[in-house]
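Trainee: My questions concern the predicted model and sequence given below.
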Amino acid sequence: MKIACVQQAHNPGGVSENRTKALYFAEDALNRGVELILFHEEMLVGYDPGFRLLAEPVDGETTQSFRRLLQGSGSKIIYGLTESSGDNLYISATVVAQDGVVANYRKTHLWRDTIGVRNEPESFTAGDELVAFEHGGYQFGLLICYDGDFPEMFRAYAKMGCAGVLWMNNRESRGHSDRCQNAAVDNSLIVATSCCCGTDETGQSLRGLSNIVDCDGVLLAELDRDEGIIIADVDPARALAMRPQNPWFTGLRPELY
């Protein structure tokens, strides 16, 4: 199975430009036989002060644009949506296939240790459930940025029977050694991590370091600083076969903690 992470420049507020660029990257990945294409957190709107007016419903224009691109394909696109739903706003990971939305995960852990737009609880509602989706007969879990700073989240998806976790971010960087490798090794999980690059809304440089890690912790692909796509061939069956033999997974004693 081919999976890809797109590393796209952070461009807060540039909805139309971000969508157009994402469609270009997604089409490139599809032409290269990729089945799962992962974009970064808040890909469409970013942390822009006007996010309330720029938010879209889960089946809005961007989802429909990806859906049209996917016609005739069995692939799926996972992108970072600033989601409007009634009176609430969510930071979401939306999974799109040719027939529409397959799954939608709402960020469960909202970052608060800052000021401004990135003080997320002031503006967004937290999700209240883990979400996995099926592809090729295997389950894949979804995480958004701060969610992945809690090792319990990866462990929970492994216990749900997921072969991999797709983790989207919007921060300075997430490299192979920044939780990704440990999460893969401890849980026998394929971990694909997407980040943005360029500069954020404050002018801070974003290194990116999007990466794909195999279920044994081996780095399969990584991208430093530049926009682009990384692609890796992964074997979900191998991840599931390794897990029952993994001492860091099977050795748990949950009755103690």
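Mentor: That came through fine.

Trainee: Which residue is the nearest non-sequential neighbour of residue 3?
Mentor: Excluding its sequence neighbours, the residue lying closest to residue 3 (C-beta to C-beta, 6 or more residues apart in numbering) is residue 36, at 4.4 Å. All C-beta atoms are positioned from the backbone trio N, CA, C, and that covers glycine.

Trainee: Against residue 160, how distant is residue 209?
Mentor: 27 Å (C-beta to C-beta, to the nearest Å).

Trainee: Next: residue 102.
Mentor: 16 Å.

Trainee: now swap in residue 189 and tell me
Mentor: In this view, residue 189 and residue 160 are 11 Å apart by C-beta to C-beta.

Trainee: out of these two, which sits in the more crowded spot?
Mentor: residue 189 (31 against 11; other C-beta atoms under 10 Å).

Trainee: All the helices of this protein, residue numbers only.
Mentor: 15-31, 51-54, 61-69, 151-159, 181-187, 236-242, 247-250 (DSSP state H).

Trainee: out of the ones you listed, deepest packed?
Mentor: helix 181-187 (a mean of 21; mean count of other C-beta atoms under 10 Å).

Trainee: Report how many residues lie close to the nearest residue to residue 205 once chain neighbours are set aside.
Mentor: When the adjacent residues along the chain are set aside, residue 205 lies closest to residue 199, with 5.8 Å between them (C-beta to C-beta, 6+ apart). Residue 199 has 14 neighbours, counted by other C-beta under 10 Å.

Trainee: In this structure residue 199 contacts residue 12, no?
Mentor: No. Between residue 199 and residue 12 there is no contact, the gap being 9.8 Å when judged by C-beta atoms under 8 Å.

Trainee: picking up where we left off before, so which of the helices of the chain gets nearest residue 135?
Mentor: For residue 135, the closest of those is helix 236-242, at 8.7 Å, according to C-beta to C-beta.

Trainee: Just list what the closest one packs against, helices and strands only.
Mentor: Contacts defined by 3 or more C-beta pairs under 8 Å, 6 or more residues apart in numbering; DSSP states H and E place helix 236-242 against strand 138-144.

Trainee: for the strand it packs on, what is the average pLDDT?
Mentor: Mean pLDDT, computed over strand 138-144, is 98.

Trainee: With stretch 169-185 instead?
Mentor: 96.

Trainee: Repeat that for stretch 101-111.
Mentor: For stretch 101-111, the mean confidence score works out to 98.

Trainee: Please shift the residue numbers so they start at 174 in all later answers.
Mentor: Right, with 174 as the first residue, what we last looked at is stretch 274-284.

Trainee: List the buried residues for it?
Mentor: 275, 276, 277, 278, 279, 280, 281, 282, 283, 284 (16 or more other C-beta atoms under 10 Å).

Trainee: How far does it sit from its chain's centre?
Mentor: A distance of 10 Å separates the centroid of the chain from that of stretch 274-284, by C-alpha atoms, centre = their mean, to the nearest Å.

Trainee: what's near enough to touch the residue positioned nearest the centre of the chain?
Mentor: Closest residue to the average C-alpha location of the chain: residue 341 at 2.8 Å, with C-alpha atoms, centre = their mean. Applying C-beta atoms under 8 Å, 6 or more residues apart in numbering to residue 341 gives the contacts 211-214, 216, 251, 253, 266, 315-318, 366-367.
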